[in-house]
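K.L.:
Everything below, folded, please.
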Amino acid sequence: KTGDDQYRRAIMQWSEEDSAGFNSTGEFWLDQAKWFPWMQNHQGWFANYWKTLQGTGVSVAAQAQDPSSLLNHYKRLISVRNSNPTLQLPDEIRYYPVDNKNVWLVENIGENVSEKKGEKKGEKNGEKTSVWVVINLNPQSAAEFSVPDNLRGERTERVTGENINLGERVNVPAAGVMIF
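P.N.:
Model (predicted):
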């Protein structure tokens, strides 16, 4: 038995309204016993749960207005992936074990896509390109790690657009992602 998973089915909070922007009735399906016929004495929970979250910035409307929100972070990550064929479909992925168990470092290797004049746009031109992805798996604290020689030097971090000089060691923020 896997247990009751109704608590994993919270509706998307679209706005800060009492109905969370989900409907105009003010009723939530998670609170209605008719949707849980296998449960005896179903107790609604979402309306009370939403009251504790309302106004805390978790709704889509609130996150859309906050440049540092999780929603906008994911939008930036998706944009980086969508603009980079090597991240979309790499020819090879190399994992690099580093000296910090919380850091995951991979190199995505792919064929360069042409954007030169005289060449068909989007056509692979035979040149190899690398895109490095660094993830700090620790959500509570920053993680420092030794940078492999072939990643060191001046790089542009693609999520923020910031130029970073990668030396022997790099510090990745808690739950941080860096793409070079």
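
K.L.:
Quick check: closest non-adjacent residue to residue 32.
P.N.:
Distance criterion CB to CB, 6 or more residues apart in numbering; nearest residue to residue 32, sequence neighbours excluded, is residue 44 at 7.1 Å. For every residue, glycine as well, the C-beta is placed using N, CA and C.

K.L.:
Measure how buried that neighbour is and give me the count.
P.N.:
The local packing count at residue 44 equals 15, with neighbours defined by other CB atoms under 10 Å.

K.L.:
name the element it belongs to?
P.N.:
Secondary structure assigned from DSSP states H and E places residue 44 in neither a helix nor a strand.

K.L.:
ok, it touching residue 31?
P.N.:
Yes. Applying CB atoms under 8 Å as the test, residue 44 and residue 31 come out as touching, 2.9 Å apart.

K.L.:
element containing the residue nearest to residue 89 when sequence neighbours are not counted, please.
P.N.:
Distances taken as CB to CB, 6+ apart place residue 110 nearest to residue 89, at 7.1 Å, with adjacent residues excluded. Here residue 110 sits within strand 103-113, counting by DSSP H and E.

K.L.:
Counting by contacts, list what that strand packs against.
P.N.:
Packing partners of strand 103-113 (3 or more CB pairs under 8 Å, 6 or more residues apart in numbering; DSSP states H and E): helix 85-88, strand 92-96, strand 124-136, strand 143-146.
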